[in-house]
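Enquirer: Model the following, please.
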Amino acid sequence: MARPQSTAFTRIRAEVVRLVGTIPKGKFSTYGAIGVHMNVQPRHVAFIMARLTPEESRRLPWHRVVGAEARISPNMDASLARTQRRRLTAEGLKIDAKGFIQNDEAHFHPMGPRRAVRWDQAA
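Expert: Prediction:
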């Protein structure tokens, strides 16, 4: 039986999903940029992104979130990485052979001040 998720995880997950939905077409963000904004580790953002529901995967621009140094993750499933590359390229981003996005000006940082929030406490 799966362990129930904590209130903190539920809140963090909801905020990651919300922020990913704000990334405009033709822009990208990184797990780290989202993590800094939320005051969580980039790996937490990556963990949530890797476990989007099928509905969220269809609705959200998940392909606009990449790894450190603006790179499509080399650890990602090859088919998924090709999909991400194809979608980013279709939005006008240039990606080199190693998966690095060449459009520095397209890096989108989540809007607003860094969140100084304790995710395990009520809002």
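
Enquirer: and the nearest residue to residue 67 once chain neighbours are set aside, what is it in contact with?
Expert: Using CB to CB, 6 or more residues apart in numbering and skipping the chain neighbours, the partner closest in space to residue 67 is residue 73 (4.5 Å). All C-beta spots, glycine's among them, are computed from the backbone N, C-alpha and C. Residue 73 sits next to 66-67, 81, 99 when contact means CB atoms under 8 Å, 6 or more residues apart in numbering.

Enquirer: I'd like to know which of the residues you listed is nearest to residue 106.
Expert: Closest approach between the contacts of residue 73 and residue 106, by CB to CB: residue 66, at 10.8 Å.

Enquirer: in a strand, that's where that closest one is, yeah?
Expert: Yes - assessed by DSSP: H, G, I helix; E, B strand; the rest coil, residue 66 belongs to a strand.

Enquirer: and it, how many neighbours?
Expert: The number of residues packed near residue 66 is 25, by other CB atoms under 10 Å.

Enquirer: Tell me the bridge partners for the spatially most central residue of the chain.
Expert: With distances taken as CA atoms, centre = their mean, the residue of the chain nearest its centroid is residue 65 (3.8 Å). On the basis of DSSP bridges, residue 65 is bridged to residue 29.

Enquirer: Relative to residue 44, how far out is it?
Expert: From residue 65 across to residue 44, the span is 13 Å (CB to CB, to the nearest Å).
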